[in-house]
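> Just the structure for this:
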Amino acid sequence: MIVNKRLLFGGCPRHTTTITDGSLLLYGDTMDKTLEIMTPDHEKWEDFVAVLEGEDGCSFFEDEKGKTTWKCKGGNDQTFARKILSLYDDIDVEGSLKYFTEHGGHCDCEILWNVHN
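As a prediction, this is how the structure comes out:
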């Protein structure tokens with residue numbers, strides 16, 4: 001899934017207008033940029049999942065009793081996913097988070113359980 005946007009580099013954010021198709025048009029020194037939605041079919045999905053599962057995300061590990069544990073605030077908290085997605089310059093963060101929610105990934109661990117698996 002692709003979302004078209006124009007990004008502004010070094011210009012004034014006041015010079016914006018919304019055009020009829022819902023995209024944001026920024027005036028000034030602009031560069032066309034295509035932002036993509038992160039889905040399981042995306043070429044960077046496995047990299048995204050590896051970070052979300054790791055220490056900078058849910059941090060899955062086995063405790064001393066052999067039980068798998070992880071960090072996740074539950075509910076609708078997608079803090080780790082948002083942080084990781086923001087590292088990609090070609091990903092639509094808000095669109096990706098919406099996709100995750102629509103596919104059962106309401107929180108960070110549910111992205112792994114429901115969207116990834």
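
> can you tell me which residues contact Ser59?
Trp70, Lys71 (CB atoms under 8 Å, 6 or more residues apart in numbering). Where C-beta positions appear, they are placed from N, C-alpha and C, glycine not excepted.

> That one - that's part of a helix, no?
No - with DSSP: H, G, I helix; E, B strand; the rest coil as the criterion, Ser59 is located in coil rather than a helix.

> Tell me how far it lies from Lys71.
From Ser59 across to Lys71, the span is 5 Å (CB to CB, to the nearest Å).

> what does Phe60 give?
Shown here: Phe60 relative to Lys71, a distance of 9 Å by CB to CB.

> same deal with Glu43?
Glu43 is 27 Å from Lys71, where distance means CB to CB.

> more neighbours, the two?
Using other CB atoms under 10 Å, the more surrounded residue of Glu43 and Lys71 is Lys71, with 14 against 7.

> for that one, helix, strand, or coil?
coil.

> which stretches of this structure form helices?
45-53, 79-85, 93-102, 108-110 (DSSP state H).

> what's the closest of those to Lys33?
Lys33 lies closest to helix 93-102 among the helices of the chain, at 13.3 Å (CB to CB).

> Name the surrounding residues that touch that closest one.
By CB under 8 Å, 6+ apart, the residues outside helix 93-102 that reach it are 1, 3, 35, 37-39, 76, 78, 81-82, 85-86, 106, 110-111, 115.
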